[in-house]
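K.L.:
coords please:
(chains A and B)
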There are 2 protein chains.
Amino acid sequence: MAAKGRKILVAVDESEESTYALSWCLKNLVSDNQQNYKDTLILLFAKTHPLIYPVVDTTGYATSPSIIAIMEKYANELAEKVMADATQICKDFNDQITVETMVEHGDPRDVICDVAERFKVDFLVVGSHGYGIIKRAFLGSVSSHCAQNVKCPVLIVKKPNSDNADH
Amino acid sequence: MAAKGRKILVAVDESEESTYALSWCLKNLVSDNQQNYKDTLILLFAKTHPLIYPVVDTTGYATSPSIIAIMEKYANELAEKVMADATQICKDFNDQITVETMVEHGDPRDVICDVAERFKVDFLVVGSHGYGIIKRAFLGSVSSHCAQNVKCPVLIVKKPNSDNADH
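P.N.:
Residues are numbered from 1 along each chain as shown, chains lettered A, B, ... in the order given. Prediction:
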């Protein structure tokens, strides 16, 4: 692998788990040796459509277009911020690594599996919890879904608790 | 990580998936650069107690001690053979890598999680299917269990089908 470099897909989102997974990958897999500088990191953010979350007001009216516009704006800003932060983490680690960023629309579970197949990545890195409790209840576990459905190897990185921070 | 080397736990068994996972790990993560020669690979085989599988003959009698002895002998021979093969794969790849072998008794799911914690490994590598269909029905998915329960990062390696052998 070293001759051509690996193509590593890292699923990123706004969670601490995602940031930890990216940092862990850089530190433990890309490391600080010359050969791994040939690696390409593809940072992927899945922009969930706002209406994937149920939005019901107390009157039972459907979500108004203005609310949807606000949510869409929020999703765009979130995607930009997540990508900027993730790219910075890579640059801070080493500015010789090739970093590509991708923002795709859809359920993260489908988006991640789809991109992994389409780009024939060598492996996928995903944090163990890409969502907060509420979103997870609606969307299920992204890491479990990917582990079951993606054909390439999947590395699931769990953010350690403070009481076992040596991991 | 490069300075001290990583401690990588690889769960091995008699399956092709396990052999593939080990080979993939060597080729893609340990690679052929000097710094990774400081890595330690811990090859772990979980020797399941024979009675974890239901053994019922047509008369309904309990399994006889002689049958248990035969199964125990088989399990020991299997452990030796799996370890010999796995060690050889590592040596063939590069004989400078430190390889440790461990054979533990118990349900592979518990054994793998326990060893990962006890030895504070940097990450765990496991094939996506450590069992044949029948055993899997009784024991469940080892990789899913480990991904959910082990604190360290878990890399699940799926053996590609012949129709997508480029993965």
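K.L.:
next SSE after the lowest-mean-pLDDT helix or strand in chain A?
P.N.:
Among the secondary structure pieces of chain A, namely its helices and strands, helix A:133-139 has the lowest mean (mean pLDDT, DSSP states H and E), a mean of 56. Next in sequence after helix A:133-139, counting helices and strands by DSSP states H and E, comes helix A:142-149.
K.L.:
that next one near chain B at all?
P.N.:
Yes. With Cβ under 8 Å from any Cβ of the partner chain as the criterion, chain B is reached by helix A:142-149 at A:S143, A:S144, A:A147, A:Q148. Where C-beta positions appear, they are placed from N, C-alpha and C, glycine not excepted.
K.L.:
which elements pack onto that helix?
P.N.:
helix A:108-118, strand A:123-127, strand A:154-157, helix B:142-149 (3 or more Cβ pairs under 8 Å, 6 or more residues apart in numbering or on different chains; DSSP states H and E).
K.L.:
swap in 10 Å and give it another go.
P.N.:
strand A:7-11, helix A:16-25, helix A:108-118, strand A:123-127, helix A:133-139, strand A:154-157, helix B:142-149, strand B:154-157 (3 or more Cβ pairs under 10 Å, 6 or more residues apart in numbering or on different chains; DSSP states H and E).
K.L.:
what's the closest of those to B:T98?
P.N.:
Comparison of the helices and strands packed on helix A:142-149 against B:T98 by Cβ to Cβ identifies strand B:154-157 as nearest, at 19.1 Å.
K.L.:
export the helices and strands packed on helix A:142-149 as TSV, with columns for distance to B:A86.
P.N.:
Formatted as TSV, the entries for the helices and strands packed on helix A:142-149 read as follows, by distance: least, Cβ to Cβ, whole Å:
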stretch	distance to B:A86
strand A:7-11	25
helix A:16-25	26
helix A:108-118	28
strand A:123-127	21
helix A:133-139	37
strand A:154-157	21
helix B:142-149	16
strand B:154-157	14
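K.L.:
so for B:K4, which of these sits nearest?
P.N.:
Across the helices and strands packed on helix A:142-149, B:K4 has its closest neighbour in helix A:16-25 (15.8 Å, Cβ to Cβ).
K.L.:
what's the average pLDDT for the closest one?
P.N.:
Taken as a whole, helix A:16-25 has a mean pLDDT of 94.
K.L.:
hmm, who's touching it?
P.N.:
Outside helix A:16-25, the residues within contact range by Cβ atoms under 10 Å, 6 or more residues apart in numbering or on different chains are A:8, A:10-13, A:15, A:31, A:39, A:41, A:43, A:45, A:82, A:85-86, A:89-90, A:92-93, A:123, A:125-131, A:142-143, A:155-160, A:167, B:1, B:122-123, B:152-153.
K.L.:
list the buried residues in it.
P.N.:
By neighbour count on 16 or more other Cβ atoms under 10 Å in any protein chain shown, the buried set for helix A:16-25 is A:E17, A:S18, A:T19, A:Y20, A:A21, A:L22, A:S23, A:W24, A:C25.
K.L.:
closest to chain B among the residues you listed?
P.N.:
Ranking the buried residues of helix A:16-25 by separation from chain B, with Cβ to the nearest Cβ as the measure, puts A:W24 on top at 6.3 Å.
K.L.:
what residues are up against A:I42?
P.N.:
Residues near A:I42 by Cβ under 10 Å, 6+ apart: A:7-11, A:98-102, A:115-116, A:119, A:121, A:124.
K.L.:
near chain B too, which of those?
P.N.:
Among the contacts of A:I42, proximity to chain B is found for A:I8, A:A116, A:V121, A:L124 (Cβ under 10 Å from any Cβ of the partner chain).
K.L.:
quick one, what contacts the first one?
P.N.:
Same thing as A:I8. Applying Cβ under 10 Å, 6+ apart to A:I8 gives the contacts A:25-26, A:29-30, A:36, A:39-43, A:97, A:121-125, A:155, B:28.
K.L.:
count of residues packed around A:D114?
P.N.:
17 (other Cβ atoms under 10 Å in any protein chain shown).
K.L.:
how about the contacts made by it?
P.N.:
Residues touching A:D114, when contacts are defined by Cβ under 10 Å, 6+ apart, comprise A:L44, A:A46, A:E104, A:G106, A:D107, A:N149, A:V150.
K.L.:
repeat that for 8 Å
P.N.:
Taking Cβ atoms under 8 Å, 6 or more residues apart in numbering or on different chains as the contact definition, A:D114 lies against A:E104, A:G106.
K.L.:
pLDDT value on it, please?
P.N.:
A:D114 is assigned a predicted lDDT (pLDDT) of 97.
K.L.:
and A:T98, by the same measure?
P.N.:
Note on A:T98: pLDDT of 92.
K.L.:
I figured it was touching A:L43, is that so?
P.N.:
No. Counting by Cβ atoms under 8 Å, A:T98 stays clear of A:L43, with 11.2 Å between them.
K.L.:
who has more neighbours, the two?
P.N.:
A:L43 (23 against 13).
K.L.:
what about the stretch of helix or strand the more buried one belongs to, average pLDDT?
P.N.:
Here A:L43 sits within strand A:40-47, counting by DSSP H and E. Confidence for strand A:40-47, expressed as mean pLDDT, is 95.
K.L.:
that one to helix A:142-149, inter-axis angle?
P.N.:
Put simply, strand A:40-47 runs at 120 degrees to helix A:142-149, going by axes from the mean of the first three to the mean of the last three Cα atoms, to 10 degrees.
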